[in-house]
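1. this one's structure only:
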C-alpha cells in the first residue's frame, strides 16, 4: 500500500457505506471492492429494506464489481468490509476468487473464521483489524439504540 | 407428504428449473421454494449468464420467495434443490431460517455437509436423496459434454 491508497483509506469508504445502512436502520455494515486503486463495486446491508437475507453488504458489492468487470471472478480485487464476513459472504468470496479480503471488526457470533476448515479460496490473502474500533463502535451504537 | 404433493412431485419441478440451466449451458441446478404446497419462489443457476457467483439457483429462489412473502424469514417453507447446497447457499438458508431443505444429489466437492460444524439453522429439517439419480445424471451429462 503506497501513498494515499492505504487500507485505512479504503476502509473509510467502506465505513461510509456502513453509515448509509445505519441511517436506514439496517445493521451497519458496508463494503467496497477495489481494483487498481479504483472502486468497482460497493454495497451496504439492506436485508431489512429488501426483506432478503442475501442482501448483505458484501454480496451487493461482489455483484456490482462482477457487473463492472463483466467477469464472475474478482481476481486482482480487494474487498473491504467493516465487519468480518459471515459464512454466506465468505463462501461467495471463495467462488469469486477474490485476491484480498480486508475487514475491520471481528464478528464473534457469525464470522466465517468461527468455522473449522478452510472457507475462503486458498489464494485469498486476509488482512484484519483495519479501523477495527471505528467499524465496531458503529455496530455497538446501533445495537445499543435497539435495546 | 400426502396425495400428489410428495417430495418427488416438487423435486420434479426443481429438476425442470435445472433443465432451463442446462439449456442455457449453465451447470444444471434448479431450486424451488414451497409453502403450503404452493411454489412461492424458483430459480436456476445463472452464474455464467449473469457473470455473478452469487446467482446460484437457491439464492435466486430464496430472494424470490422472500419477495413473495414480504419477509426475509422463510418459516414454514421448504426449499427443494437438485444438488446439495454449497456453503454460501446453506448459510443463506440458515439466515432465512428455512423450515425444511430437500435435496437430490450430493455435492461431494462443494456441498455444505463437507464442513465440520453446524451450517444450517438448528431447526431446519433436512431430507436428502430425493430423485438423486435424475438430479445427478443431469449434472453428469452436462460435465461429460464439456470435456
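-> Yes, it's here. Being a predicted model, the structure only gives us computed values, none of them experimental.

2. what about residue A:126, helix or strand, and which?
-> strand A:125-128 (DSSP states H and E).

3. I'd like to know which elements the following helix or strand past that strand is packed against.
-> Reading on from strand A:125-128 to the C-terminus, the next helix or strand found by DSSP H and E is helix A:132-146. Applying 3 or more CB pairs under 8 Å, 6 or more residues apart in numbering or on different chains; DSSP states H and E, one finds that helix A:132-146 contacts helix A:7-23, strand A:78-83, strand A:100-105. Every residue, glycine included, has its C-beta placed from N, CA and C.

4. What's the local residue count around residue A:129?
-> Using other CB atoms under 10 Å in any protein chain shown, residue A:129 is surrounded by 13 other residues.

5. swap in residue A:49?
-> 13.

6. So which residue is dead centre in chain A?
-> Geometric centre of chain A, nearest residue: residue A:81, 2.5 Å, by CA atoms, centre = their mean.

7. For residue B:62, see how far away it is.
-> Distance, residue A:81 to residue B:62, using CB to CB, to the nearest Å: 21 Å.

8. Could you list every helix and strand in contact with the strand holding residue A:126?
-> strand A:100-105.

9. Name every strand pairing with the strand it packs on and say which way it goes.
-> If you go by DSSP bridges, strand A:100-105 pairs up with strand A:78-83 (parallel), strand A:125-128 (parallel).

10. Rounded mean pLDDT for the longest one, please.
-> Model confidence over strand A:78-83 averages 98 on the pLDDT scale.

11. tell me the angle of it relative to helix A:7-23?
-> Strand A:78-83 and helix A:7-23 are oriented at 50 degrees to each other (axes from the mean of the first three to the mean of the last three CA atoms, to 10 degrees).

12. which residues touch strand A:78-83?
-> The contact list for strand A:78-83 (CB atoms under 8 Å, 6 or more residues apart in numbering or on different chains) reads A:7, A:10-11, A:13-15, A:17-18, A:28-35, A:57-58, A:61-62, A:89, A:93, A:98-105, A:107, A:111, A:130-131, A:135, A:138-139.
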